[in-house]
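> Following is a predicted model, sequence given first.
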Amino acid sequence: MREEHELFLTEGPEEFENFQITNEDVPLKEGIAYPFIKAIQMVNNRLQETNPEEKQLFEIILLSTHSAEGGVRIINSVKHYDIPAALMLYHEYRTADEHLKVAFDGDSVLFSDETDVVFREQGLDEVIKYEKDREHVPIGEGPLKKFAMILGEMKKKFSPENDPICTYLVTARSGKDLGKRAIKTLRDWGLQIDEAFFMAGAPKGPLLAQIQPHIFFDDNLHNIRGARAHGIPSALVPSCCN
């Protein structure tokens, strides 16, 4: 992302974000770390060929200090190069301790439980197909959507540098297969989330310990317990899929 990063530095975050959205179907060019990532994938593949049940594998986590709004292009690039990575999108200037920090799970919390129901009844492969078929259809509203929208309205009263509210999406979805529809839904709602973390099923507790939100909403009791084990105030959102 050298060219894109240069645009970010010279023209600012707004022009960069507009450029990313306009070009979201154009894969990013291979970067200097690309051969390293492909070599890691090769080792993982060889290990799994030797033992399909192998658990000691490399985990790839892709970090970007740019907004979740421009994240669709990154997701498309991850899919283009077939990189199975957890994806984390965050603003580098969101660091002050005086922020109000609110973290939301995705499905059954910020979004409706429609994808959770498909997963529970038909499995992961059908979920991936379901999401791909409905990529341009916003996900239904979840029980915490209205609260998130109110926070979003408050945020618009401040400049980005002086915004005292930080909102986070911390979802078990993978960025590669299930991230695009989530980001496009937020865009359709006009809801800007400061930082988005697509955990690809990884535990949320350690990440939340780094974010230190004032409150975390999730519909999964296991995730709630994991967050509380790291001292994070958490609220269980009732769901039919619990």
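Done, it's in.

> switch to C-alpha atoms for all contacts and neighbour counts from now on
OK.

> how about the strands in the chain?
Using DSSP state E, the strands of the chain run over residues 60-64, 85-89, 100-104, 165-171, 195-198, 215-218, 234-236.

> Could you tell me the least trusted of these?
Sorting those by mean pLDDT places strand 85-89 lowest, at a mean of 66.

> and the helix ranked longest in the chain, C-alpha only, in CSV?
Of all segments of type helix in the chain, defined using DSSP state H, the longest is helix 34-50. Coordinates of each C-alpha in helix 34-50 appear next as CSV, following Å, rounded to 0.1, in the frame of the first residue of the first chain:
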residue,chain,number,x,y,z
TYR,A,34,3.9,-10.9,0.7
PRO,A,35,6.6,-13.6,0.0
PHE,A,36,6.9,-14.1,3.8
ILE,A,37,3.2,-14.6,4.2
LYS,A,38,3.0,-17.1,1.3
ALA,A,39,5.9,-19.0,2.8
ILE,A,40,4.0,-19.2,6.1
GLN,A,41,1.0,-20.5,4.2
MET,A,42,3.2,-23.1,2.5
VAL,A,43,4.4,-24.4,5.9
ASN,A,44,0.9,-24.6,7.3
ASN,A,45,-0.3,-26.5,4.2
ARG,A,46,2.6,-29.0,4.5
LEU,A,47,1.9,-29.5,8.2
GLN,A,48,-1.7,-30.2,7.5
GLU,A,49,-0.8,-32.6,4.6
THR,A,50,1.3,-34.5,7.1
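
> So for the closest residue to E135 other than its chain neighbours, what pLDDT did the model give?
Using Cα to Cα, 6 or more residues apart in numbering and skipping residues adjacent in sequence, the residue nearest E135 is R181, 5.0 Å away. With respect to pLDDT, R181 scores 93.

> Does R181 touch E131 like I think?
Yes. With contact defined as Cα atoms under 8 Å, R181 reaches E131; the gap is 6.8 Å.

> coming back round to it: how far is the longest helix of the chain from where the chain is centred?
In this view, helix 34-50 has its centroid 24 Å away from the chain centroid, taken as Cα atoms, centre = their mean, to the nearest Å.

> Now that helix: buried residues?
I40, Q41, N44, L47 (16 or more other Cα atoms under 10 Å).

> okay, those in JSON lines with pLDDT and distance to S77 next?
Below are those laid out as JSON lines (pLDDT from 0 to 100; distance: Cα to Cα, whole Å):
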{"residue": "I40", "pLDDT": "85", "distance to S77": "18"}
{"residue": "Q41", "pLDDT": "86", "distance to S77": "16"}
{"residue": "N44", "pLDDT": "85", "distance to S77": "20"}
{"residue": "L47", "pLDDT": "88", "distance to S77": "25"}
